[in-house]
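1. please work out how this folds:
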Amino acid sequence: MASINTTPLLQEIDSELEENDIHESLAIKDNKPLFKPIEPKDKFYTVYFIFYLLGIVTLLPWNFYVTANDYWMYKFRDTDIHNNTVKGSEVKDKTPLQAEFTSYISVASAVPNLVFLVLNAAIAHRVSANKRILASLLFMLLLMLVTLIFVLIDTDKWQHGFFMITLGIVVLLNVCSAVLSGSVFGIVGNFSPVYITAVIGGQALGGIFAALAEIVSLALGASSTHAALVYFIIGNVTIVISVVLYIVLTKTVFYKYHIEDKFLSISDFGSSSSTTQLVCHSVILKKVWIYGVSMFLVFFFSLSVYPGVTVLIESEGRGSGNKWNDVFFVPTIAYLLFSIGDYVGRITAGRLQQPKNETVVLILSLARFVFIPLMMLCNAQPRHHHWDVVFNKDYEYIIILFLCALSNGYLANLTAILAPRKADDYEKETAAAIMTVFMGIGLALGSTLSLFMVKML
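-> A predicted model of the protein is given here:
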């Protein structure tokens, strides 16, 4: 029910007050809405679908770069031993570039992501969301086109140079992802939890899509480079579609209702300067910091071992000649299963939204530390004998990985939904942006730690 404005329309006033002073006084005393217009319907769930797609695109570079593991293993293989017909995933002994590439790419993704999530939160009220989102999408498309071109170039004679160029592209891609993610989460914070879940669910669904593409290409017997060519073409097409649909999104009545002014307040009849409500970041931070720390812990613990360590965990039957053990195990378990668990967790949180107590959420997030030693004790190769293999059975690793993914998705979505509720309406976009900063810090520090976790095996 809409709140009722209880300020008397007629009251005694000092005859010495000027008419403008009366208007200004009224505007300052009560800025509550007189009425709230009826919320329009999201016809054909158009806005919901577009938010889902934008969620996929926010992590599209990450998903396509990480999931194309077979392609990177081929690019960084030992060319003195293995000829062009041998796939990277079939190489038993990994080169240093092969073993550490995933961890380096995680750091190259997370650090710029954090920096620009902070900058995005700072400029959220200075640069329009439309400009930020469209600019980041177009620049992301350009960088993905460059990635596509490199698939067709022979880099065998300058692998280290290609390695550095790739990391540079990853840095720039994640600058785009950070601005896009922060802007989209800032916008969707004004909508109901269903739409927040759509964005977060889309992020997880993107991982499932990329993993399925990898598995299908391997099943068809496509070469590493041909598979990568398909991946990055799909990625570019997806970005183009998202640009078009985002423009459509901004034209819908449902979107305008939630983003533009929805209230007609008494201040509309007074001084225009009185309608401005200043956003104080420190005040909002005090309201959401516990949820923010929870968000940080969720991603810090996950990125410490995923995908840097999990991509190195092999099947107990590897080397037996069975395609499941030698070819399909890593893309199916390390990527597809994790993405499915993450997705299920996010969707479940969108429906249950329990627990709501911020302290309980913080404790649950902290308890996820247990997944770091559990993953380290699985059959990750190569090992330097710092940790022994305790969970050498495939089913043990699968259970641990799925629980890690499920809890990651559930708690990430839960904190993203609950945090904006602690803020006032005009603070919700900034509150959501601040939450993405906490997420970025967790991603950056977790990815950095994953470099050391790989060396500690």
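
2. quick one: the strands in the chain, in order.
-> Here the chain has its strands, by DSSP state E, at 33-35, 264-265.

3. which of those strands has the lowest mean pLDDT?
-> In terms of average pLDDT, strand 264-265 trails the rest of these, at a mean of 39.

4. the closest residue to Glu39 other than its chain neighbours: neighbour count?
-> Counting by Cβ to Cβ, 6 or more residues apart in numbering, Glu39 lies nearest to Tyr257, which is 6.2 Å off, once chain neighbours are set aside. (C-beta placed from N, C-alpha, C; glycine too.) The local packing of Tyr257 (other Cβ atoms under 10 Å) involves 17 other residues.

5. low-confidence stretches in the stretch 151-300 of the chain?
-> 222, 261-279 (pLDDT under 70).

6. swap in 50 and give it another go.
-> Within the stretch 151-300 of the chain, the segments meeting pLDDT under 50 span 262-276.

7. select the longest helix from this protein.
-> Of all segments of type helix in the chain, defined using DSSP state H, the longest is helix 159-188.

8. from the contact counts, what lies against it?
-> Other elements packing on helix 159-188 under the criterion 3 or more Cβ pairs under 8 Å, 6 or more residues apart in numbering; DSSP states H and E are helix 46-58, helix 60-67, helix 96-123, helix 129-151, helix 193-219, helix 428-455.

9. rewinding a little: was I right about the residue nearest to Glu39 contacting Ile38?
-> No: checked against Cβ atoms under 8 Å, the pair Tyr257 and Ile38 is beyond contact range at 9.2 Å.

10. correct me, but Ile200 touches Asn413?
-> Yes: using Cβ under 8 Å, Ile200 is in contact with Asn413, at 4.7 Å.

11. list residues touching both of these two?
-> 346, 350 (Cβ atoms under 8 Å, 6 or more residues apart in numbering).

12. outside of stretch 359-370, which residues touch it?
-> 290-291, 293-295, 297-298, 301-302, 355, 404, 407-408, 411, 414-415, 418.

13. in helices only, show me these.
-> Judged by DSSP H, the contacts of stretch 359-370 include 290-291, 293-295, 297-298, 301-302, 404, 407-408, 411, 414-415, 418 as members of helices.

14. list only those of those residues flagged as buried.
-> If you count burial by 16 or more other Cβ atoms under 10 Å, the buried members of the ones in helices among the contacts of stretch 359-370 come out as 290-291, 293-295, 297-298, 301-302, 404, 407-408, 411, 414-415, 418.

15. looking at these, spot the one nearest Gly206.
-> Asn408 (14.8 Å; Cβ to Cβ).

16. Thr332: neighbour count?
-> Thr332: 18 neighbours (other Cβ under 10 Å).

17. in contact with the closest residue to it other than its chain neighbours, which residues?
-> Spatial nearest neighbour of Thr332, chain neighbours left out: Ile215 (6.2 Å); criterion: Cβ to Cβ, 6+ apart. Neighbouring residues of Ile215 by Cβ under 8 Å, 6+ apart: 328, 331-332, 336.

18. distance of Ile215 relative to Val327?
-> 9 Å (Cβ to Cβ, to the nearest Å).

19. Val370 now?
-> Val370 is 31 Å from Val327, by Cβ to Cβ.

20. who's more crowded, these two?
-> Val327 (19 against 14).

21. for the closest residue to Ala431 other than its chain neighbours, phi and psi?
-> Spatial nearest neighbour of Ala431, chain neighbours left out: Ala423 (4.0 Å); criterion: Cβ to Cβ, 6+ apart. Backbone geometry at Ala423, expressed as degrees, to the nearest 10, gives phi -110, psi 160.

22. so Ala423 sits right up against Lys286, yeah?
-> No: applying Cβ under 8 Å as the test, Ala423 and Lys286 come out as separate, 10.3 Å apart.

23. compare those two (neighbour count), which wins?
-> Ala423 (20 against 11).

24. measure the more buried one to Gly292 for me?
-> Ala423 is 12 Å from Gly292, by Cβ to Cβ.

25. please apply the same query to Ser447.
-> For Ser447 relative to Gly292 (Cβ to Cβ), the value is 19 Å.

26. before we move on, what about Ala213?
-> The value you get for Ala213 to Gly292, if Cβ to Cβ is used, is 34 Å.

27. let me see the contact set for Thr348.
-> Counted by Cβ under 8 Å, 6+ apart, Thr348 has contacts 409-410.

28. need the pLDDT of it.
-> For Thr348, pLDDT reads 92.

29. if we can go back for a sec, compare Ser447 and Gly292 and say which is more crowded by neighbours.
-> Using other Cβ under 10 Å as the criterion, Ser447 and Gly292 rank with Ser447 on top: 28 against 24.

30. what's Tyr410 in contact with, if anything?
-> Tyr410 touches 345-346, 348-349, counting by Cβ under 8 Å, 6+ apart.
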